[in-house]
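In: Pasting the sequence and the predicted coordinates here, then a few questions.
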Protein chains: 2
Amino acid sequence: MSKGQQTREAVLEAALAAASTSGLAAVSIGELARTVGMSKSGLFAHFESKENLQLEVLRTAVAHFIADVVAPALRKPRGEARVRALFENWFAWSSNAALPGGCLFIAAASELDDQPGPVRDYLVASQRDWLGTLSQAVRIAVDEGEFRKDVDGEQLAHDLYSILLAYHHFSRLLQMPAARERAFRSFEQLMQSARATGGKARSTASSRSPKRRLRR
Amino acid sequence: MSKGQQTREAVLEAALAAASTSGLAAVSIGELARTVGMSKSGLFAHFESKENLQLEVLRTAVAHFIADVVAPALRKPRGEARVRALFENWFAWSSNAALPGGCLFIAAASELDDQPGPVRDYLVASQRDWLGTLSQAVRIAVDEGEFRKDVDGEQLAHDLYSILLAYHHFSRLLQMPAARERAFRSFEQLMQSARATGGKARSTASSRSPKRRLRR
DNA sequence: CCCATAACAGCACGATCGTGCTATTTTTCG
DNA sequence: CGAAAAATAGCACGATCGTGCTGTTATGGG
């Protein structure tokens, strides 16, 4: 790898960490140059504009997300195991050391939801991709017979996202230690409700509670 | 009301709208002065610092929230009706015209979750208050016999919050028209699951699906 | 109506912002 | 190794940032 690519990636890595805590817009060229130890103009030469830098930061985050979350899960067997891996990897990603401020996409979402432009467009597109990946994994689990046939992939993907948003909110802002536990309990209940009746039923009571928020 | 208070409130109202779309930190004194039509220094004289301005903006938002969401709901009868009013008013508040960028607290939450200081402290305290109000309304519904006795107030408040976070995310960033519908369906399912068995059962099928994500 | 006081404007300050242009240094390759 | 090319630094620019100080204007109670 050439020297240029090397420092460029180092810059993007530092910008990623900074953006996750302070937000994409709050990452200034000057401060970023100081943390990676080079001049403002030297750093700026790698990116034509600040907007492009933000785009590249998001692209870097997506690349990491695919490598750390999606790809390992796609190597799991089709069905609930893959849905589970997607959720658990996603959860782990939100607590990654490279993202001291939590999931960058969630932070960027509320920052960019009223700021039109290519950065927002890219974020929206990547979020749609991710939701598509999630719901397709659910549909596969339906096809495999592990989930009931009336389980709606989009709705379940939505519910999974909802769990992670709540976890992010309650653990990061309110610092609730119970948030993680609550998230996983909600996840398990979603999985149980989606399973085909007569499948791997839970040993506890209330194993016959069908059709929870699952059709649309 | 004195002239000072008058312009001060006008400034805070404008700052509230701006903060809901661009974020608290992105509201600059100069731009704010331009939108309300006065000089930077004249505006600044009302607030000792920018941090104090942000605090006052949050205080204004809390006052509105209590007046528009909490107070009307507390005039509803104890029980599910009050919980329902809290949720519906909360939902309407997130789509208020005074908040073109959606719920300010949700936006501020992801902006401030890594920025220690009095602004964050105040946001956290007000969020705790709101969660307390929600869970107490649920506990009252339990005491009144409308909700089952094993319904956990904190968990249900958490689940309600989760619905609103997902609605905010999917409707604002991804512009999904189905988000609103999904939110209310999820809410109705939560209510139904919480109701005492034999209570006002739904006329549709699957009315016997007890104990969904309700104990802890 | 007058005058004390509150409200506001004008102006300036150092700092930092994003972004160019021009050297100088460093890497890369024949 | 030497030359072409890439990478980085130095410097400067206009703009805007938050925040003071010093006047001028408007308000409101006696």
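Out: Nice, I can see it. Residues are numbered from 1 along each chain as shown, chains lettered A, B, ... in the order given.
In: now the residue most central in space within chain A: how far from A:E111?
Out: With distances taken as C-alpha atoms, centre = their mean, the residue of chain A nearest its centroid is A:W90 (5.3 Å). Separation of A:W90 from A:E111 (C-beta to C-beta, to the nearest Å): 20 Å. (Glycine included, C-beta is placed from N, CA and C.)
In: same deal with A:L53?
Out: 15 Å.
In: same thing with A:H168?
Out: 14 Å.
In: repeat for A:L104
Out: 10 Å.
In: who has more neighbours, these two?
Out: Set side by side, A:L104 and A:E111 show more neighbours around A:L104, with 28 against 24, by other C-beta atoms under 10 Å in any protein chain shown.
In: List the contacts of whichever residue of chain A sits closest to DNA strand D.
Out: With C-beta to the nearest atom of the strand as the measure, A:G4 is the residue of chain A nearest to DNA strand D, at 2.0 Å. A:G4 makes contact with A:H46 under the criterion C-beta atoms under 8 Å, 6 or more residues apart in numbering or on different chains.
In: What separation do you get for it and A:L43?
Out: Distance from A:G4 to A:L43, by C-beta to C-beta: 12 Å.
In: near DNA strand D, which residues of chain A show up?
Out: A:2-8, A:37-43, A:45-46 (C-beta under 7 Å from any atom of the strand).
In: Ignoring the adjacent residues along the chain, who's closest to the residue nearest to the centre of chain A?
Out: A:V69 (5.3 Å; C-beta to C-beta, 6 or more residues apart in numbering or on different chains).
In: So that neighbour sits against A:L86, correct?
Out: Yes. A:V69 is within contact range of A:L86, at 6.9 Å (criterion: C-beta atoms under 8 Å).
In: I'd like to know how many residues surround the closest residue to DNA strand C within chain A.
Out: Here the residue of chain A nearest DNA strand C is A:G30; by C-beta to the nearest atom of the strand that distance is 2.7 Å. Using other C-beta under 10 Å, A:G30 is surrounded by 10 other residues.
In: Same check on the one 3 residues further on?
Out: Number of residues near A:A33 (other C-beta under 10 Å) recorded here: 18.
In: do the same with the one 4 residues further on
Out: By the other C-beta under 10 Å criterion, the neighbourhood of A:G37 contains 10 residues.
In: cool, and A:E88?
Out: 15.
In: Quickly find the element holding A:E48.
Out: A:E48 belongs to no helix or strand when elements are defined using DSSP states H and E.
In: Can you give me the pLDDT of it?
Out: On the pLDDT scale, A:E48 is placed at 95.
In: and if you look at A:S95?
Out: 89.
In: Can you tell me the SS state at the closest residue to it other than its chain neighbours?
Out: Sequence neighbours aside, A:G102 is the residue nearest to A:S95 in space, at 7.7 Å (criterion: C-beta to C-beta, 6+ apart). Of the three states, A:G102 takes coil under DSSP: H, G, I helix; E, B strand; the rest coil.
In: List the contacts of A:G102.
Out: Contacts of A:G102 (C-beta under 8 Å, 6+ apart): A:20, A:94-95, A:168, A:172, B:113-114.
In: Which of the residues you listed ranks first by neighbour count?
Out: Neighbour max across the contacts of A:G102 (other C-beta under 10 Å) = A:S20, 26 neighbours.
In: From what I see, that residue and A:A108 are in contact.
Out: No. Using C-beta under 8 Å, A:S20 is not in contact with A:A108; the gap is 9.0 Å.
In: Check whether the strand or helix carrying A:R59 comes near chain B.
Out: Assigned by DSSP H and E, A:R59 belongs to helix A:50-65. No. For helix A:50-65, no contact with chain B is found by C-beta under 8 Å from any C-beta of the partner chain; the gap never falls below 13.1 Å.
In: can you list the weak-confidence ranges in chain A?
Out: A:198-216 (pLDDT under 70).
In: Helices along that one, start to end?
Out: A:3-22, A:29-36, A:40-44, A:50-65, A:71-74, A:80-94, A:104-112, A:118-143, A:153-168, A:178-194 (DSSP state H).
In: neighbouring contacts of the fifth one?
Out: Contact partners of helix A:71-74, identified using C-beta under 8 Å, 6+ apart, comprise A:82, A:85-86, A:89, A:137.
In: Cross-check the contact I'm expecting between the residue of chain A closest to DNA strand C and A:S41.
Out: No. Shown here, A:G30 and A:S41 do not form a contact pair, counting by C-beta under 8 Å, at 10.4 Å.
In: how about the residues of chain A near DNA strand C?
Out: A:2-3, A:27-31, A:40-41, A:44-45, A:49-51.
In: Now the buried members of those residues.
Out: A:27, A:29, A:44 (16 or more other C-beta atoms under 10 Å in any protein chain shown).
In: List just the nearest of the residues you listed to chain B.
Out: A:V27 (12.5 Å; C-beta to the nearest C-beta).
In: circling back: kindly provide the distance from the residue of chain A closest to DNA strand C to A:V36.
Out: Taking C-beta to C-beta, one finds A:G30 at 11 Å from A:V36.
In: I'd like the distance between A:A10 and chain B.
Out: Going from A:A10 to chain B by C-beta to the nearest C-beta, to the nearest Å gives 22 Å.
In: same thing with A:E181?
Out: Taking C-beta to the nearest C-beta, one finds A:E181 at 9 Å from chain B.
In: do A:I163 as well
Out: Relative to chain B, and taking C-beta to the nearest C-beta, A:I163 is found at 7 Å.
In: Could I get the contacting residues of that residue?
Out: A:87, A:183, A:186-187, A:190, B:162.
In: sorry, back to before: tell me how many other residues crowd the residue nearest to A:W90.
Out: Considering only other C-beta under 10 Å, A:V69 is surrounded by 23 other residues.
In: For it, give me its contacts.
Out: Contacts of A:V69 (C-beta under 8 Å, 6+ apart): A:86, A:89-90, A:92-93.
In: make it 6 Å
Out: Listed by C-beta atoms under 6 Å, 6 or more residues apart in numbering or on different chains, the contact partners of A:V69 are A:89-90, A:93.
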